[in-house]
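Participant: Below is the structure, and that's it, no one-letter string:
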Ligand SMILES: NC(=O)C1=CN([C@@H]2O[C@H](COP(=O)(O)OP(=O)(O)OC[C@H]3O[C@@H](n4cnc5c(N)ncnc54)[C@H](OP(=O)(O)O)[C@@H]3O)[C@@H](O)[C@H]2O)C=CC1
Ligand SMILES: O=C1O[C@H](COP(=O)(O)O)[C@@H](O)[C@H](O)[C@H]1O
């Protein structure tokens, strides 16, 4: 079916009773609807096994939708009119037959010509659901798109099997593998920063850069998702997908165009230059109770098997064996139940040559993905006054002060809109997945075999003992002088009207740059 024509979609959310649907999918669809990115005649059908009456379904859909104005309230009333819910099984025909009947009725009145199936489901049911969708709800004369949520397998072998099974049902054109980090504003900004600025483009290589850290920290633990998490662990949950996507966009060569295939060709190429992660380049941790005993340890989660050795924290160093990056360590660190929430890329430059000036700290470019989106460059400056003392300062592009009235869209809004527009650029291609799993599968096997034991760390701490040494071993050098990114100070955050108060202990942490 032609993609040029503007299509009216019917959106089906499979797994509509779940956590992701409630927290992300419905709010994102509402955001698009409210801002007229979604045609006002679009129908949204929720499908899951749970029986829900209308009030319960509406409560589920709206629970995480934030309304500020009367217009928002009005838009929600209109949005809910477009939503319906159907309960049914995932592995039998009858539910999908009923879904088909409902879709045909909707399409008769709305004249929708396209169907978007959003699988907000655990991976165990991806294939049974995709099989039934193909059998009962695939219309040859309609435009079909299928959004699949991560995780895409457990390792190289299972990922290939999933790709093969899904590929037998839907074409690569129809499949949209979502990694929501690709929809985040600062991740989308990476290509612009690199390829639209001579000052960045020219230093983006091993001659100038000493090491790179990509950090993902969460304050929350597994929070009832322990059953899912224990099967996957932090490397599969966050590092192999979200963090590797960031690394790929940060390191790939310039694509021929911004077209989806050109961008993804470059991403695959750089991934293929990364050898599997070595055992000695990994540090693991698992959180225990907080020091005051108020927050539970990982093993206190009833859904986690007793004595589990699943890592909730991981640091791993990767290398890219190509002309641009050879010898530069890329230190990836991620963890749950830590002292703060942040995702950032920290690019540390080499030391200044010569001995003209002493006590210099290295330049750093920090790309703050969340929260408090920003790009800042740490530089050495003359301390104002008589004398020639140097001091660390920064060139700071903080979004809250620079882009006063702009709204940063939710990652899921951005990605759902891309899929409606048929743009695959920010979705994961099958060969990209293959290349990513090749890097991680050997170390995951080593971890699964219990050959690397996670070091305990207290809930709310900076992570396991040894993190500082691990970073130093891989080249990261802390500055000589104290430095606090101003946006991170309480005064800075309040002055900009930030909702989030940044605690004093977080300031301390920023100073240590971990
Ligand atoms: N939650 C999150 O924050 C994120 C989730 N994801 C991914 O999104 C997908 C959905 O996640 P999430 O919503 O958290 O998952 P849930 O565990 O909430 O599952 C979604 C729905 O699937 C059904 N379901 C749950 N377990 C099973 C099972 N064993 N067999 C069959 N059906 C089941 C349930 O619906 P019912 O019983 O009514 O049929 C449930 O409401 C997953 O692939 C996850 O990895 C990705 C990023 C973030
Ligand atoms: O995919 C996942 O991401 C979330 C973190 O997403 P964010 O947008 O809030 O940064 C993580 O909590 C979850 O464990 C993981 O499955």
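Facilitator: Looks like it came in fine. Values in this document were obtained by computation on a predicted structure and should not be read as measured data. Residues are numbered from 1 along each chain as shown. Ligands and ions are numbered 1, 2, ... in the order given.

Participant: ok, then the element right after the host helix or strand of residue 103?
Facilitator: In the assignment (DSSP states H and E), residue 103 maps to helix 93-110. Next helix or strand after helix 93-110 toward the C-terminus (DSSP H and E): strand 114-119.

Participant: how big is the angle separating that following strand from helix 93-110?
Facilitator: Orientation check (axes from the mean of the first three to the mean of the last three C-alpha atoms, to 10 degrees): strand 114-119 against helix 93-110 gives 140 degrees.

Participant: Point out the other helices and strands that strand 114-119 packs with.
Facilitator: Strand 114-119 is packed against strand 9-14, helix 126-137, strand 143-149, helix 411-420, with contacts defined by 3 or more C-beta pairs under 8 Å, 6 or more residues apart in numbering; DSSP states H and E. In short, each C-beta sits where N, CA and C put it, glycine included.

Participant: Tell me which of the ones you listed sits nearest to ligand 2.
Facilitator: Each of these was checked against ligand 2 via C-beta to the nearest ligand atom, and the shortest separation belongs to helix 411-420, namely 6.4 Å.

Participant: Mind listing residues that contact that closest one?
Facilitator: Among residues not part of helix 411-420, those counted as contacts by C-beta atoms under 8 Å, 6 or more residues apart in numbering are 9, 24-25, 27-29, 31-32, 37-38, 116, 118, 145, 147, 176, 178, 180-184, 188, 424-427.

Participant: and ligand 2, which of those residues reach it?
Facilitator: Of the entries in those, the ones placed beside ligand 2 under the rule of C-beta under 6 Å from any ligand atom are residue 180.

Participant: sorry, back to before: need the helices and strands packed on strand 114-119 in CSV with distance to residue 203 and mean pLDDT, can you?
Facilitator: What follows is those, written out as CSV (distance: least, C-beta to C-beta, whole Å; pLDDT from 0 to 100):
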stretch, distance to residue 203, mean pLDDT
strand 9-14, 44, 98
helix 126-137, 43, 97
strand 143-149, 37, 96
helix 411-420, 28, 97
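
Participant: The contacts of helix 411-420 in helices, which ones?
Facilitator: For the contacts of helix 411-420, membership in helices holds for 27, 28, 29, 31, 32, 188, with DSSP state H as the criterion.

Participant: buried stuff in stretch 276-288?
Facilitator: Residues of stretch 276-288 classed as buried by neighbour count (16 or more other C-beta atoms under 10 Å): 277, 281, 282, 283, 284, 285, 286, 287, 288.

Participant: ok, and what's touching the helix or strand hosting the fifth one?
Facilitator: Using DSSP H and E, residue 284 sits within strand 282-288. Outside of strand 282-288, the residues that reach it under the criterion C-beta under 8 Å, 6+ apart are 221, 297-299, 308-317, 335-337, 443, 447, 452-459, 463-464, 466-467, 470.

Participant: go with 6 Å
Facilitator: Outside strand 282-288, the residues that touch it by C-beta atoms under 6 Å, 6 or more residues apart in numbering are 297-298, 311-316, 337, 452, 454-459, 463-464, 466, 470.

Participant: Which ChimeraX command selects the buried ones in those residues?
Facilitator: Provided next is the ChimeraX selection string for whichever of those are buried by 16+ other C-beta under 10 Å:
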select :297,298,311,312,313,314,315,316,337,452,454,455,456,457,458,459,463,464,470
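
Participant: Any idea which residue is closest to the centre of the protein?
Facilitator: The C-alpha lying nearest the average C-alpha coordinate of the chain belongs to residue 181 (C-alpha atoms, centre = their mean; 2.7 Å).

Participant: so what's that residue closest to, chain neighbours aside?
Facilitator: Counting by C-beta to C-beta, 6 or more residues apart in numbering, the nearest residue to residue 181 once its immediate chain neighbours are dropped is residue 242, at 4.0 Å.

Participant: what about the one you found, which SS state?
Facilitator: Recorded secondary structure, residue 242: helix (DSSP: H, G, I helix; E, B strand; the rest coil).

Participant: number of nearby residues for it?
Facilitator: The tally of other residues near residue 242 (other C-beta atoms under 10 Å) stands at 22.

Participant: What does the pLDDT read for residue 141?
Facilitator: If you check residue 141, the pLDDT there is 84.

Participant: try residue 151
Facilitator: pLDDT recorded at residue 151 is 88.

Participant: now do the one 10 residues further on
Facilitator: For residue 161, the model assigns a pLDDT of 96.

Participant: just to confirm, which helix or strand has it in it?
Facilitator: Here residue 161 is assigned to helix 156-167, by DSSP H and E.

Participant: where does this protein have its least confident helix or strand?
Facilitator: helix 504-512 (a mean of 37; mean pLDDT, DSSP states H and E).

Participant: how about the nearest residue to the closest residue to ligand 2 within the stretch 101-250 of the chain, chain neighbours excluded?
Facilitator: Here the stretch 101-250 of the chain gets closest to ligand 2 at one residue, residue 237, 4.7 Å apart by C-beta to the nearest ligand atom. Once flanking residues are discounted, residue 237 sits nearest to residue 229: 6.3 Å by C-beta to C-beta, 6+ apart.

Participant: again, but for residue 127
Facilitator: Nearest in space to residue 127, with sequence neighbours left out and distances taken as C-beta to C-beta, 6+ apart, is residue 165 at 5.0 Å.

Participant: Residue ranges in the protein under the pLDDT threshold?
Facilitator: Along the chain, the parts satisfying pLDDT under 70 run over 1-5, 488-514.
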